[in-house]
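Colleague: fold the following, please.
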Amino acid sequence: MKSSKNSPFNLTTIPKHIAIIMDGNGRWAKRNIFNRFRGHRRGAEVVPRVVTACHELGVKHLTLYSFSEENWSRPKEEVSALMKLLKEFLISQRPLLMERKVRLRAIGNIDKLPPEPLQTLHETMKLTQDHQSMDLVLALSYGGRDEITRAVRQMAKEVLKGNLSPEAIHSETISAFLDTAEIPDPDLLIRTSGEMRTSNFLPWQLVYTELYVTPVLWPEFNTEELHRAIHEFNQRERRFGLTSEQLSTGATP
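Modeller: Predicted coordinates for the structure are as follows:
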């Protein structure tokens, strides 16, 4: 927790897993009279600073909503530019990932990505696969309902093969078939730009996640804003369906 020493915020408890909906690139570009791609590039420049800040605080998992399943419906020129930016980002951030021993992971229907960024993604994940200090999880071509649908299909196949009994399917079973099977649920979700919705992001995993919405646009998000979100997280009482009295006596969900 190196960065917390000089912070005016309460950072006593650091979330193990932070998820971020990085929203507001387009609005930032419009506000500053730039084209949308300039906004996306500026947003990409924020990511390494947030990765570094989370790593220094001791966050173990950082999941970024980078490109949604619905984003494929945007104008072809914008999608093409975003895919080019993704490839550039993956290559440019390799030194940071290697230096900080951060493992890159991806969730979503990534096979829909164009060949070049997909290959670069796989190469970068392979380069960092043995790193253990922190996981950087990129949600790419990701949609929460799509993730659950794919999981249900896979479970159905296992049932047909006789490898899985319908009676044996519980919430833990479903979690094991999701893209996030090896990743704990987020403790804190940060959404920038002030929008009050989760936008099909991790609907299964966010059931007991603390939500923090800031009006700050993603290109203007910084370490201070991250600390402010964690400070707010520290003010919350996470009961997981229990009462405060039960928690005070040591009961667990």
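Colleague: quick one: the strands in the stretch 101-250 of the chain?
Modeller: 102-107, 134-142, 188-191, 210-213 (DSSP state E, counting those that start in this stretch).
Colleague: quick check: which ranges of the chain have low pLDDT?
Modeller: Counting by pLDDT under 70, the chain has low-confidence residues at 1-6, 239-253.
Colleague: biggest helix in it, by residue count?
Modeller: helix 36-57 (DSSP state H).
Colleague: now that helix: buried residues?
Modeller: Within helix 36-57, the residues scored as buried using 16 or more other C-beta atoms under 10 Å are 36-44, 46-48, 50-55, 57. Glycine gets a C-beta too; all of them are placed from N, C-alpha and C.
Colleague: show me what it is packed against.
Modeller: Counting contacts by 3 or more C-beta pairs under 8 Å, 6 or more residues apart in numbering; DSSP states H and E, helix 36-57 packs against helix 25-31, strand 61-68, helix 76-92, helix 94-100, strand 134-142, helix 223-235.
Colleague: can you list contacts of that helix?
Modeller: Outside helix 36-57, the residues within contact range by C-beta atoms under 8 Å, 6 or more residues apart in numbering are 1-4, 11, 14, 18, 20, 22, 24-30, 32, 62, 64, 78, 81-82, 85, 89, 93, 96, 100, 102, 133-134, 136, 218-219, 221-223, 226, 230.
Colleague: re earlier: got the helices and strands packed on helix 36-57 as TSV, with mean neighbour count and distance to D111 columns?
Modeller: Formatted as TSV, the helices and strands packed on helix 36-57 follow (neighbours: other C-beta atoms under 10 Å; distance: least, C-beta to C-beta, whole Å):
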stretch	mean neighbour count	distance to D111
helix 25-31	19	25
strand 61-68	23	13
helix 76-92	16	14
helix 94-100	15	22
strand 134-142	24	8
helix 223-235	18	32
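Colleague: out of the ones you listed, which is closest to F201?
Modeller: When the helices and strands packed on helix 36-57 are compared by C-beta to C-beta, strand 61-68 sits nearest F201, at 5.0 Å.
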